[in-house]
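Peer 1: turn this into a model:
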Amino acid sequence: LSTREVYRRTVESSVWMTLNIFVQRAAGIVTFLILSRFILPEEYGILTAAMIVVGFLNVISQTGFEGAMIQSKEDIGPYLNRVWTLNLLKGCLLFAVIYFSAPWTAEFLNIEEHVNVIRFAGLYPLAEAFNNIGILYFSKDINFKMIFLRDLGAPFAFLGFALIWAYYDASVWALAAGHLGSYLWTMIASYFLSPYRPRLDFKFRGLKKFIRYGKWAVASNLANYVNNAIDGAFLSNLLGPQRLGIYSKARDFSIIPSSYIAQISMKVGFPSIAKIQDEPEAIRGALSKLYELTLFLSLPFSVILFTQAHHLIELLLVDTWQEVVFPLKFLLIAMMFRGFIIITSPLFNGLGKPNLYFGSIMIQIITSFFALMYLVPRYDIMGAAYATILAMGVTFLFTSFAAIRLTKLNVLKLIPSTVMIVLSSAVMAVASIAFNRYLPDPSLPVYAAFLIGLGVLYLGQIVLFAKKFNLGPAKILLDMTQRLFEKKSAA
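Peer 2: I've put the predicted structure just below:
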C-alpha cells in the first residue's frame, strides 16, 4: 500500500475506533451507574481480584503469533488454523488451571469465601479461545469498521446478563455473569462478520518463523499485564476487596482518555506504522500526529475531572462511592503520563523494536513494586495513587527519549501545538474553578449546560488557533469527520 492509502485507511479506521470506544465507554459508564445503585464496592473489588488471576494466566499463556502475523509482510492464510487450534488448547488448559488453583489464589487475594467466583471466571478465556481467527484480517488490513460491529453488542450483553442475575441476587455473581455475556457476544459476532471458518490443524512447526517477534510480544504482554494489575494485587492482599473496589473505579474513570489513545495507537497505529516502517519521514509525521492527538484529548479531560470530580461523583453515584474523589484526582496526573507512554508502543512494535516496549514496561513494574510496597501501608489507597504517578513519570522519561532517538524527531516542532493546547486547557481550568466558587451547588440542568459550555470553549479555541496559525490536531479531526460523513453519504 502507498503512504497515502495507509493514511486514508488509518484516518477511516480512527473514525470507527473512536465510535467504538465512545459506545463502549458510554455503555460502561451507564452500566456502572445502574449497577452501583445496588451492588456494593466490595462486590466490585471481589470480581476485580478474580480478574487479576484470570488475566495473569491468560497473558502468560499468550504466544504473540497474532501480533507477529499483523506485523509480517507475507500472506498469513496458511497459519490461521494452526493459531486457532493453539488458542483452543490454551483456553482449555487455562480453565483447568484456574479451576484447581482457585483456593490458593483466593487466599492470597483475601477473598477466601469466593473461590467459586474465580472458578466461574475461568470460563472467560475458554469462550475467548473460540473466537474466529479470521478477524485477524480486520486488523492487518486496517479495517476497523468490522471490529466496531463485532464489539458493538458486548456492553449491552454485559448489562443484560448482569441485570437479569441481579434481579435475583445483587452480588458479585451478577457482575461475573455480565462478563460471561460480553465474551459470548464477541465470540458469536466474530463468526457472523468474518467468512473465514477455522478448522483444527496441529501442524505447529510452521509457526516457528513468528517466534522471534512473538517472544518479545509475549514478554511485553506479560509485563504489561503485571504492570496494570500490580496495584490491584497489592490493595487486595493488604487492604481487602472494599478498598480495591473504590480504587479500581477511581482508576477506571481516570483512564478514560488514555484508554482511547491506547485503542487508537495499538489497534490502528500499530498496523499503520508496520506498513510504512521503511519511510522515516512518514513515521515522524505519524508520531507527531499521535502526540498532538494525545495532548488534545487527555489534557482538557483531566482538567475537567480534576476540577469537577466532587460534583460529578456526588451527582452520579450513591454515598458508598464518594471516596472515589481523592484518588481519582491524583490518578489523573498519572494517566496524563500514561497517554504519552502509550503512543510509543505502536512505534516500537511497528518498527520491529519490541524490546524497547518491553523495557519501558519493566521500568514501570520495578518502580511500581517498590513504591507500592512503601506507600500503600502508609497511605492506604492514596499510596497506590502516589506510586502510580511516580512509576508513570519515570517511564514517560524513558519512552520519550527512546522514541526521539529512534525516529530522530525534532521536538522543537511540537512546541507551538503544545502551547496552543495548554493555553486552551488553562482557560477552561480558570472557567471551571470560577464556576465552583460562584455556583457551589448547581442544579443538574445548569451543571450539564456548564459542562457543555466548557467543551465548546475548548474546541472554539482550538479552531481559532487552527485558522489563525494553522496549528494543532485540527487537520486530523477534520479528516476523520470528512471520512465519517463520506461513509454516511455512501450509505
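Peer 1: got the contact list for residue 329?
Peer 2: Applying C-beta atoms under 8 Å, 6 or more residues apart in numbering to residue 329 gives the contacts 305-306, 309. Just so you know, the C-beta spots here come from the backbone N, C-alpha and C atoms, and that holds for glycine as well.
Peer 1: and those residues, which of them are in strands?
Peer 2: Judged by DSSP state E, the contacts of residue 329 include no members of strands.
Peer 1: pLDDT and distance to residue 374 added to those residues, as a markdown table?
Peer 2: Below are the contacts of residue 329 laid out as a markdown table (pLDDT from 0 to 100; distance: C-beta to C-beta, whole Å):
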| residue | pLDDT | distance to residue 374 |
| --- | --- | --- |
| 305 | 89 | 27 |
| 306 | 91 | 25 |
| 309 | 89 | 26 |
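Peer 1: can I get those residues in CSV including distance to residue 430 and neighbour count?
Peer 2: What follows is the contacts of residue 329, written out as CSV (distance: C-beta to C-beta, whole Å; neighbours: other C-beta atoms under 10 Å):
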residue, distance to residue 430, neighbour count
305, 16, 20
306, 13, 16
309, 17, 20
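Peer 1: for these, which one is nearest residue 110?
Peer 2: Taking C-beta to C-beta as the measure, residue 110 lies nearest residue 309 of the contacts of residue 329, at 28.0 Å.
Peer 1: thinking the closest one is in contact with residue 327, fair?
Peer 2: No: checked against C-beta atoms under 8 Å, the pair residue 309 and residue 327 is beyond contact range at 9.9 Å.
Peer 1: now do the shared contacts for the two.
Peer 2: With C-beta under 8 Å, 6+ apart, residue 309 and residue 327 have no common neighbours.
Peer 1: where does the protein have low pLDDT?
Peer 2: For the chain, the stretches flagged by pLDDT under 70 are 1-14, 63-64, 67, 71-73, 142, 209-218, 220, 258-277, 471-491.
Peer 1: longest helix in it, by number of residues?
Peer 2: Scanning the chain for the helix with the most residues, using DSSP state H, yields helix 354-407.
Peer 1: quick check: next helix or strand after that helix?
Peer 2: helix 415-438 (DSSP states H and E).
Peer 1: past that next one, which element shows up next along the chain?
Peer 2: helix 444-469.
Peer 1: please name every helix or strand in contact with that following helix.
Peer 2: helix 280-316, helix 415-438, helix 474-490 (3 or more C-beta pairs under 8 Å, 6 or more residues apart in numbering; DSSP states H and E).
Peer 1: and those helices: which comes nearest residue 139?
Peer 2: helix 280-316 (17.0 Å).
Peer 1: got the angle for that closest one vs helix 444-469?
Peer 2: 160 degrees (axes from the mean of the first three to the mean of the last three C-alpha atoms, to 10 degrees).
Peer 1: quick one: helix 280-316 to helix 415-438, angle?
Peer 2: Using the same axes, to 10 degrees: helix 280-316 against helix 415-438 is 10 degrees.
Peer 1: name the residues that touch stretch 85-103?
Peer 2: Applying C-beta under 8 Å, 6+ apart, the set of residues contacting stretch 85-103 from outside is 53-54, 57-58, 61, 63, 65, 115-116, 118-119, 121-123, 125-131, 133, 198, 200-202, 204, 207.
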